[in-house]
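Engineer: Everything below, folded, please.
(chains A, B, C and D)
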2 protein chains.
Amino acid sequence: MLHGSTIHESLTAVFQVRHFDGRPGTDERAELAVLLWQRALDPQAGTWSLPGGKLRDDEDLTTSARRQLAEKVDVRNLAHLEQLSVFSDPCRVPGPRRIASTFLGLVPLTTDPQLPPDTRWHSVWSLPEMSFDHSIVVEHARTRLAAKLSYTNIAFALAPPTFAMSTLREIYCAALGYDVDTTNLQRVLSRRKVITPTGTTSSPGPAGGRPAAMYRFTDSQIRVTDEFAALRPRV
Amino acid sequence: MLHGSTIHESLTAVFQVRHFDGRPGTDERAELAVLLWQRALDPQAGTWSLPGGKLRDDEDLTTSARRQLAEKVDVRNLAHLEQLSVFSDPCRVPGPRRIASTFLGLVPLTTDPQLPPDTRWHSVWSLPEMSFDHSIVVEHARTRLAAKLSYTNIAFALAPPTFAMSTLREIYCAALGYDVDTTNLQRVLSRRKVITPTGTTSSPGPAGGRPAAMYRFTDSQIRVTDEFAALRPRV
DNA sequence: TCAAAAGTGTTCCCGCTACACCCATGG
DNA sequence: CCATGGGTGTAGCGGGAACACTTTTGA
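Structural biologist: Numbering: from 1, shown residues only, chains lettered A, B, ... in the order given. Okay, the predicted model is just below:
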């Protein structure tokens, strides 16, 4: 009765903020995208899946998730990877039991990894038909990301090494799904010491405009920056 | 190489706010307690462990965790159970590989489950020597609980069905580890519609005093009550 | 000199904190 | 009538939202 032939797998929702380059004339807004590959074989051939795969005996789950992403979709520059929940329903997939540990992975704006032919970025706001319970994982990952944007420095993993505030604004808008005020974003993140000015400026675009001050994230490791919403300890 | 003989187990940190009844004269403050059992056999005989055990083929992890608690320590009245992270280091315990999915479980103040002889409640502020990586789990669980107390109604799972504000204050103080103001606790939770007055009052103790108004939690299911600390969407 | 982009300053509002004050009961 | 425990009123503060205004560039 105990573990007849259970497989442990990792599944990772890899997110990146991407410009979905429309044809010229189309407004090319930045959108939050998730990396998916299309199943060629049954079960559920044609549906889109999260990258992942079986856990090996000599690795832990985090290592395994990183390895799967490097081997199968050639993603080697994850700036952040964290565990989400475990999917353990005995009937979640047909065939032998698979317990899935799910992850949230983040790739910075500037990098553009080479993808295998069956793999593509999809806007999280218009997902294709997805395999098994994978769409739930994407939803969890998106929710977790949105929450952490407001009380941690997790955006470091979505932003380039240095950036103008307008770029950072785009990233926040894309990841949160609603508009954010550049002014207040700058002030909130500065007060919390999440971002630091580099002292340099970028030259303005072809349309002119004042040169933008460049910033960088103070830490390149996740850090909680606003611990308690209420019921703070007395000072 | 793939899954030679891996076992999947659940481990649950069960918390309850308890009065550690000192001798008369000792001030018997309420403290956050965790349920532990003492290992009789090696490995690590004598150290204290979290309740849990092997996952069966026909159950998911949540079901398994509930079953283990009912069978092994006779805890059948968990008001809340949620997943924490997975511990998957191949060497986390000696012998065959065990992957542990960890949980946070909460038991209300009033209930007092019968415990087996090797099982005992321990204050989370003075833990005994613990087995393997179990103390990390307790630490995670405590941190998660403290965080959720500030932005969800999770305290419903620690409180009796109805209670006076002074009781609820004790619960928050014990779980958070620092003092909370009764007045503001009442206002914050009332504004968020987390608690509802029942209309009844409790008779005062032997020392006299004004009768306390009784409250209950509005929901008996976890609910987020203060979504964003910053960067809220525009209205 | 004008438009576009970026940065600054100011005001307002809301929620949490702190603390003083008022109420009800038992001895 | 006083001690004890509960409840209410209110002022203050701090952080975030909104928005107008100034600065710097290219055409």
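
Engineer: count of neighbours near the closest residue to DNA strand C within chain A?
Structural biologist: Nearest residue of chain A to DNA strand C (Cβ to the nearest atom of the strand) works out as A:Gly209 at 2.5 Å. For the C-beta atoms, the positions are set from N, CA and C on the backbone; glycine is no exception. Residues lying near A:Gly209 (other Cβ atoms under 10 Å in any protein chain shown) number 10.

Engineer: thought A:His140 was touching A:Thr102?
Structural biologist: Yes: proximity of A:His140 to A:Thr102 meets the contact threshold set by Cβ atoms under 8 Å, at 7.0 Å.

Engineer: The two - which one has more neighbours?
Structural biologist: A side-by-side neighbour count of A:His140 and A:Thr102, using other Cβ under 10 Å, places A:Thr102 first with 25 against 16.

Engineer: How much space separates the more buried one from DNA strand D?
Structural biologist: Separation of A:Thr102 from DNA strand D (Cβ to the nearest atom of the strand, to the nearest Å): 30 Å.

Engineer: Ok, A:Ala174 next?
Structural biologist: 17 Å.

Engineer: any shared contact partners between A:His140 and A:Thr102?
Structural biologist: Counting by Cβ atoms under 8 Å, 6 or more residues apart in numbering or on different chains, the contacts common to A:His140 and A:Thr102 are A:Ala13, A:Leu84, A:Ser85.

Engineer: Could you give the average pLDDT over the lengthiest helix in chain A?
Structural biologist: For chain A, the helix with the greatest residue count under DSSP state H is helix A:134-151. Helix A:134-151 comes out with an average pLDDT of 95.

Engineer: again with stretch A:158-171
Structural biologist: 94.

Engineer: got a list of contacts for it?
Structural biologist: By Cβ under 8 Å, 6+ apart, the surrounding residues in contact with stretch A:158-171 are A:15-17, A:30, A:79, A:106-110, A:155, A:175, A:180, A:182, A:185-186, A:189, A:195, A:198, A:200, A:202, A:212-217.

Engineer: Please repeat the previous calculation with a cut-off of 6 Å.
Structural biologist: Residues from elsewhere that reach stretch A:158-171, judged by Cβ atoms under 6 Å, 6 or more residues apart in numbering or on different chains: A:17, A:30, A:106, A:108-110, A:180, A:182, A:185-186, A:198, A:202, A:212, A:214, A:216.

Engineer: Repeat that for stretch A:113-121.
Structural biologist: Residues outside stretch A:113-121 that contact it (Cβ under 6 Å, 6+ apart) are A:Arg18, A:Ala33, A:Leu35, A:Trp37, A:Gln38, A:Val73, A:Asp74, A:Val75.

Engineer: helix or strand for the residue of chain A closest to DNA strand C, which one?
Structural biologist: For A:Gly209, there is no host helix or strand (DSSP states H and E).

Engineer: quick one: it and A:Arg97, what's the gap?
Structural biologist: Per Cβ to Cβ, to the nearest Å, A:Gly209 is found 58 Å from A:Arg97.

Engineer: Which positions within the worst-scoring helix or strand of chain A on mean pLDDT qualify as buried?
Structural biologist: The weakest-scoring helix or strand in chain A, judged by mean pLDDT, DSSP states H and E, is strand A:195-202 (a mean of 89). Within strand A:195-202, the residues scored as buried using 16 or more other Cβ atoms under 10 Å in any protein chain shown are A:Ile195.

Engineer: Check stretch A:172-187 too.
Structural biologist: A:Tyr172, A:Cys173, A:Ala174, A:Ala175, A:Leu176, A:Val180, A:Thr182, A:Leu185, A:Gln186.

Engineer: who touches it?
Structural biologist: Contacts of stretch A:172-187 (Cβ under 6 Å, 6+ apart): A:Val17, A:Ala30, A:Glu31, A:Leu32, A:Leu145, A:Ala146, A:Met165, A:Arg169, B:Pro233.

Engineer: touching DNA strand C at all, it?
Structural biologist: Yes: contact of stretch A:172-187 with DNA strand C (Cβ under 7 Å from any atom of the strand) involves A:Thr182, A:Thr183, A:Gln186.

Engineer: What is the nearest of those to DNA strand D?
Structural biologist: Checking these against DNA strand D by Cβ to the nearest atom of the strand gives A:Thr183 as the nearest, at 3.8 Å.

Engineer: How about the secondary structure of the closest one?
Structural biologist: Under DSSP: H, G, I helix; E, B strand; the rest coil, A:Thr183 falls in the helix class.

Engineer: next one: A:Gly53
Structural biologist: Secondary structure for A:Gly53, judged by three-state DSSP, is strand.

Engineer: Excluding chain neighbours, what is closest to it?
Structural biologist: A:Gln68 (4.6 Å; Cβ to Cβ, 6 or more residues apart in numbering or on different chains).

Engineer: Name the residues of the one helix or strand the one you found maps to that are buried.
Structural biologist: Using DSSP H and E, A:Gln68 maps to helix A:61-73. Buried residues in helix A:61-73, counted by 16+ other Cβ under 10 Å: A:Leu61, A:Thr62, A:Thr63, A:Ser64, A:Ala65, A:Arg66, A:Gln68, A:Leu69, A:Val73.
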